[in-house]
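Asks: could you work out the structure for the sequence below:
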Amino acid sequence: MSWLLAFAGFAALIILHEAGHFAAAKAVGMRVERFMLFFPPILTKVRRGETEYGIGAIPLGGYVKITGMSPHEDIPPEHQHRAYLRQPVWKRIVVISAGPAVNVLIAFVLLWGVVVTQGVPHNALAVAGTSEGPAQSVLREGDRILAIDGVRGDAPRLTAAQVRARQRALRAAVNRHKCPGRPAGGCRAATPVRVTVLRDGGRVTLTIRPIYDAPSKRMILGFFYGDRQDVGAGEAATVSLDRMWRITTATVSAITRIFYDPQARKEVSGVVGSYEVTRQSIQFDTEQAIIVLALISLSLAVVNLFPFLPLDGGHIFWALAEKVRGRPIPYSVIERASVVGFLLVAFLFITGLSNDIGRLRGEGFGVR
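Replies: Predicted structure coming up:
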């Protein structure tokens, strides 16, 4: 079922992105010849009015074909006035921007829905639940982690940054315990972890032997944090927008770093990796799966807005350049410049695919 749900989620993101281009093109009077989910060869198609709708065999994206996006097209005289390149700059920008805009809207709606229904972390050092593991029969929901092996955990009036720092310190304390011999998935540590919790108003010290988790390559106890506080719709919108801004800046920074930082290139994921992370997230937690889809949708919008053809941002860049110049840019110039964009897209695709293959072969995606 997780395979089907992940596939449906990805298909929905593609359909809605292309539907943004489609609806905007129709709204400003352009002629849309084709609306495709996935890439050719075409498996099935049907014509409704002037537009052909179809499904391709390669599930790596989709496209909307608008008449006249290349000056080399042979366009019947009765359709020339509706061709893309014959439209004012503002119409072209609206049509091209509509796809990424839909992805941004999807990301906001998904994140906002999670925050409204689930709240925001109030004290992220409380146990929200346990997975199958050594902590399952020992820790209880609501336990506040006061310390692990003497490393301090929960305390009054911690800031969000302090909570994250203490979570990292607690993970490091657990990870200091090792399995006898070479670590293998599920092996138990030779020594137990001493976990001090606040339970029913009293301090309780528990001993738990962590196990080795192969995907994340560390020792774990098998619980997750999640004490939450309900917020209203307005505050949920603010929280969601703040998360989206942080994701956007992180995405831009990550893409910039891959050209000079080998470690950053190892972190890139392609379509396969994004799909597998979504599938594993669905198995692990519905909320996490929704957040992952939101992150993918927003990242798709950000990447698409980079100013290189064939990305949407490339079309917007050349439309703006034409507006500034006061007359069309020679298409030969655009074609030569677009080589940079094709090389960038190919580089990202190959890097992401090679990383995904390595993870599928045993490195794992670290979904926890």
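Asks: skip ahead from the lengthiest helix in the chain and say which helix or strand is next.
Replies: For the chain, the helix with the greatest residue count under DSSP state H is helix 89-118. With elements assigned by DSSP states H and E, the helix or strand that comes after helix 89-118 is strand 120-130.
Asks: same for that following strand, what does it pack against?
Replies: With contacts defined as 3 or more Cβ pairs under 8 Å, 6 or more residues apart in numbering; DSSP states H and E, the packing partners of strand 120-130 are strand 144-148, helix 160-175, strand 223-229. C-beta: built from backbone N, CA, C; applies to glycine.
Asks: rerun at 6 Å
Replies: Applying 3 or more Cβ pairs under 6 Å, 6 or more residues apart in numbering; DSSP states H and E, we find strand 120-130 packed against strand 223-229.
Asks: what are the pairing partners of the strand it packs on, and which direction each?
Replies: Looking at strand 223-229 with DSSP bridges, its paired strands and their directions are strand 120-130 (antiparallel).
Asks: tell me where the stretch 151-300 of the chain has strands.
Replies: Counting by DSSP state E, counting those that start in this stretch, the stretch 151-300 of the chain has strands at residues 151-152, 193-199, 202-208, 211-213, 218-220, 223-229.
Asks: C-alpha coordinates for the strand or helix carrying A57, PDB please?
Replies: Under the assignment given by DSSP H and E, the secondary-structure element containing A57 is strand 51-66. Taking Å, rounded to 0.1, in the frame of the first residue of the first chain, the C-alpha atoms of strand 51-66 are listed here in PDB:
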ATOM      1  CA  THR A  51      -6.200  19.800 -26.200                       C
ATOM      2  CA  GLU A  52      -4.900  16.200 -26.100                       C
ATOM      3  CA  TYR A  53      -4.600  14.600 -22.600                       C
ATOM      4  CA  GLY A  54      -2.400  11.600 -22.100                       C
ATOM      5  CA  ILE A  55      -0.300   9.400 -19.800                       C
ATOM      6  CA  GLY A  56       3.300   8.500 -20.600                       C
ATOM      7  CA  ALA A  57       5.300   5.500 -19.700                       C
ATOM      8  CA  ILE A  58       8.200   7.200 -17.900                       C
ATOM      9  CA  PRO A  59       7.100   8.500 -14.400                       C
ATOM     10  CA  LEU A  60       9.700  11.200 -14.100                       C
ATOM     11  CA  GLY A  61       7.500  14.300 -14.600                       C
ATOM     12  CA  GLY A  62       5.000  15.700 -17.000                       C
ATOM     13  CA  TYR A  63       4.500  18.600 -19.400                       C
ATOM     14  CA  VAL A  64       2.000  21.000 -21.000                       C
ATOM     15  CA  LYS A  65       2.700  21.800 -24.700                       C
ATOM     16  CA  ILE A  66       1.600  25.400 -25.500                       C
END
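Asks: in that strand, which residues are buried?
Replies: T51, E52, G54, G56, P59, G61, G62, Y63, V64, K65, I66 (16 or more other Cβ atoms under 10 Å).
Asks: now pLDDT too, for the residues you listed, in a markdown table please.
Replies: Listed next are these as a markdown table, based on pLDDT from 0 to 100:
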| residue | pLDDT |
| --- | --- |
| T51 | 94 |
| E52 | 95 |
| G54 | 93 |
| G56 | 91 |
| P59 | 79 |
| G61 | 79 |
| G62 | 87 |
| Y63 | 91 |
| V64 | 93 |
| K65 | 94 |
| I66 | 95 |
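Asks: identify the farthest-apart pair in those residues.
Replies: The most widely separated members of the buried residues of strand 51-66, counting by Cβ to Cβ, are P59 and I66 (22.5 Å).
Asks: stretch 221-228: how far from the chain's middle?
Replies: Relative to the chain's own centre, stretch 221-228 is displaced by 22 Å; criterion: Cα atoms, centre = their mean, to the nearest Å.
Asks: thinking again about what came up before, and of the buried residues of strand 51-66, the nearest to G99?
Replies: When these are compared for distance to G99 (Cβ to Cβ), V64 wins out at 8.3 Å.
Asks: shaky segments in the stretch 151-300 of the chain?
Replies: Applying pLDDT under 70 to the stretch 151-300 of the chain flags residues 227-228, 263-285.
Asks: mind telling me what element the closest residue in space to A101 that isn't next to it in sequence is part of?
Replies: Of all residues not flanking A101 in the chain, G20 sits nearest, at 6.1 Å (Cβ to Cβ, 6 or more residues apart in numbering). In the assignment (DSSP H and E), G20 maps to helix 2-27.
Asks: what helices or strands is that helix leaning on?
Replies: Helix 2-27 makes packing contacts with strand 32-48, strand 51-66, helix 89-118, helix 271-284 when contacts are defined by 3+ Cβ pairs under 6 Å, 6+ apart.
Asks: can you redo these as CSV with distance to A12?
Replies: Formatted as CSV, the helices and strands packed on helix 2-27 follow (distance: least, Cβ to Cβ, whole Å):
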stretch, distance to A12
strand 32-48, 10
strand 51-66, 11
helix 89-118, 8
helix 271-284, 11
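Asks: which one, of these, ends up nearest to R199?
Replies: Each of these was scored for nearness to R199 using Cβ to Cβ, and the closest is helix 89-118 (23.6 Å).
Asks: chain center to the closest one, what's the gap?
Replies: Taking Cα atoms, centre = their mean, one finds the center of helix 89-118 at 14 Å from the center of the full chain.
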